[in-house]
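# Quick one, structure for this:
(one chain, ligands or ions: 1)
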Amino acid sequence: MLEIGGIKAIDLAKKYGTPLCVYDENRLRGRLKEFKDNFRCDEFDTDVIYASKAFNCKAMIRLIDEYDCCLDVVSGGELYTAVKAGYDCSKVFFHGNNKTPAEIQMALQNGVGTIVVDNAMEADELIRQISGTDYKVNVYLRINPGIEAHTHKYIVTAHVDSKFGFSLLDEEEIIETVQKLNQTEGITVEGLHAHIGSQIFDQQAFVEEIRKMFAFASKLKEVYGIDVCGINLGGGFAALYTDEDKPIPVPQVCETILSTCREENEKAGGFIKRILIEPGRSIVAEAGYNLYTIGYIKKTPNKLYAFADGGMADNIRPALYQAKYDAVIAGKEDQPAYADYTIAGKCCESGDILIQSIALPEVKTGDILAMKTTGAYGYSMASHYNKLPLPAVVFAKDGEDREVIARESYDHLISLEK
Ligand code: LLP
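Residues are numbered from 1 along each chain as shown. Purely as a prediction, here's the structure:
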């Protein structure tokens, strides 16, 4: 009988209704601790930056704070949530390829510690805004190292025409930008950043990334006399969605990253002092479950459908990335498979299929389907398509549950309409 945080999934569905997002809080905590414990070494200052785009809400940010992680935000909205959660903004890293002038101002006013500058025009805007003020900010320059990690093409970010970052092929622009930033009172260019994709299974991709980043940092120092002391390697660590996935265990990927950094730093003369990583998915994905109530069952010549009371509005990943998920019928885990079902959502779109084919015991109307590993980029990418209210989000831990985001009502849906 599926329990999440010591509570029967069926009971959570009964109490809060469906669709419902549930997090096993101890699994969130376990993963945070695992990253914190393993991503450390004597040679470097290390920090784990949680990429909050994967799941950003006040309760999550408070957990991040509790485990003394830094926070990656990519918008005024994510930053606002951090401020309202009482998070220390000096530990915030502000990302994004098109931060608006208002967002940059908001970052400076709230004392954001680090801005990851994504392009030359953004650098100019930051310089314009900080000049003549007392604000102070660290900068990492986002570099596109031209590494293609083998993952879905929508989530690859480092190919040569990427919208993100400064291409390594355009050295002149990078040098000019760093010099300009460093000459500005209040700005310190601390380091270089790269993020090579998401749901990466191959640790060799990180090794290549590290080599490129260290080689470039060395070149900046030796050829151009520019000193940086930090390297931020981004996120991208895979999660386990189905049995086909073989994510690299956290201790192993941390060890590979740190030992490669040590080697490269030795070769370079030891001038890099700080190494950062930015996991998002790998922290929250596996702790999350989406619970749905099954409505109608429908047989077609080639398929047996079970319809869920949510769908692409609360989890767009299957439709957008052909992402695969595993699921169980809560309370029927021990029953033998009866047939291969197609789990379809309720949105008016043929592509709204949550699971193309899954062997399940006989599914009946009213059953609770629990989709696993939905904790990353599910709620955070949710939409109001078909005017479906956003689900509630619950944290469950040691037999107790607490609602961290309430379910939207129909009134919420029209609350801004004139
Ligand atoms: N750092 C930067 C600069 C990023 O752009 C991202 C993700 C991360 C860190 C965290 O990556 P993670 O560890 O979560 O893989 N919506 C897509 C994923 C988009 C990832 C965007 N950037 C999905 O649902 O698969």
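# got the residues of this structure near the ligand?
51, 53-54, 72, 95, 155, 195, 198-199, 234-237, 278-282, 317, 321, 377, 381 (C-beta under 6 Å from any ligand atom). All C-beta atoms are positioned from the backbone trio N, CA, C, and that covers glycine.
# cutoff 5 Å now
With C-beta under 5 Å from any ligand atom as the criterion, the chain meets the ligand at residues 51, 54, 95, 155, 195, 198, 234-236, 278-281, 317, 377.
# export stretch 231-248 as PDB, just CAs?
Output of stretch 231-248 as PDB, limited to C-alpha atoms (Å, rounded to 0.1, in the frame of the first residue of the first chain):
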ATOM      1  CA  ILE A 231      33.700  28.000 -11.300                       C
ATOM      2  CA  ASN A 232      30.000  27.200 -11.200                       C
ATOM      3  CA  LEU A 233      29.300  24.000 -13.200                       C
ATOM      4  CA  GLY A 234      25.500  24.300 -13.300                       C
ATOM      5  CA  GLY A 235      23.100  21.400 -12.700                       C
ATOM      6  CA  GLY A 236      21.700  18.700 -14.900                       C
ATOM      7  CA  PHE A 237      22.100  15.600 -12.700                       C
ATOM      8  CA  ALA A 238      19.600  13.000 -13.700                       C
ATOM      9  CA  ALA A 239      16.700  11.500 -11.700                       C
ATOM     10  CA  LEU A 240      15.100   8.100 -11.900                       C
ATOM     11  CA  TYR A 241      11.700   8.200 -13.600                       C
ATOM     12  CA  THR A 242      11.400   4.600 -14.800                       C
ATOM     13  CA  ASP A 243      13.500   1.500 -14.500                       C
ATOM     14  CA  GLU A 244      15.200   2.400 -17.800                       C
ATOM     15  CA  ASP A 245      16.900   5.400 -16.100                       C
ATOM     16  CA  LYS A 246      20.300   4.900 -14.500                       C
ATOM     17  CA  PRO A 247      21.100   8.200 -12.800                       C
ATOM     18  CA  ILE A 248      24.700   8.600 -11.400                       C
END
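# Give the other helices and strands that the helix or strand of the chain with the lowest mean pLDDT contacts.
Across the helices and strands of the chain, the lowest-confidence element by mean pLDDT, DSSP states H and E is strand 166-167, at a mean of 94. Contacts defined by 3 or more C-beta pairs under 8 Å, 6 or more residues apart in numbering; DSSP states H and E place strand 166-167 against strand 137-144, helix 171-182.
# for these, which one ends up most surrounded?
With neighbours defined as mean count of other C-beta atoms under 10 Å, those peak in mean count at strand 137-144, which reaches a mean of 23.
# Given that strand, what are its sheet partners and their directions?
Note on strand 137-144: by DSSP bridges, its sheet partners are strand 114-117 (parallel), strand 166-167 (parallel), strand 187-193 (parallel).
# hey, least reliable of those strands by pLDDT?
Lowest mean pLDDT within the strands paired with strand 137-144: strand 166-167, a mean of 94.
# How far off centre is that one?
Chain-centre distance of strand 166-167: 22 Å, with C-alpha atoms, centre = their mean, to the nearest Å.
# Name the surrounding residues that touch that strand.
118-120, 141-144, 146, 160, 173-174, 177 (C-beta atoms under 8 Å, 6 or more residues apart in numbering).
# how about TSV for those residues, with distance to residue 15 and pLDDT added?
Below are those laid out as TSV (distance: C-beta to C-beta, whole Å; pLDDT from 0 to 100):
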residue	distance to residue 15	pLDDT
118	43	98
119	47	98
120	52	97
141	48	98
142	44	98
143	48	96
144	47	93
146	50	85
160	51	71
173	55	96
174	54	97
177	53	98
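# Of the residues you listed, which pair is most distant in space?
Of all pairs drawn from the contacts of strand 166-167, the one with the longest distance (C-beta to C-beta) is 160 and 177, at 18.9 Å.
# Would you mark the buried spots in the longest strand seen in the chain?
If you go by DSSP state E, the chain has its longest strand at strand 288-299. Neighbour counts over strand 288-299 (16 or more other C-beta atoms under 10 Å) mark 288-294 as buried.
# from those residues, which single one is nearest residue 304?
Each of the buried residues of strand 288-299 was scored against residue 304 by C-beta to C-beta, and residue 294 proved nearest at 12.1 Å.
# Roughly how far does that closest one sit from the ligand?
With distances taken as C-beta to the nearest ligand atom, to the nearest Å, residue 294 is found 25 Å from the ligand.
# give me the element the most far-flung residue of the chain relative to its centre is part of.
Distance from the C-alpha centroid of the chain, by C-alpha atoms, centre = their mean, peaks at residue 301 (39.5 Å). Counting by DSSP states H and E, no helix or strand carries residue 301.
# Quick check: it vs residue 316, distance?
As judged by C-beta to C-beta, to the nearest Å, residue 301 and residue 316 stand 28 Å apart.
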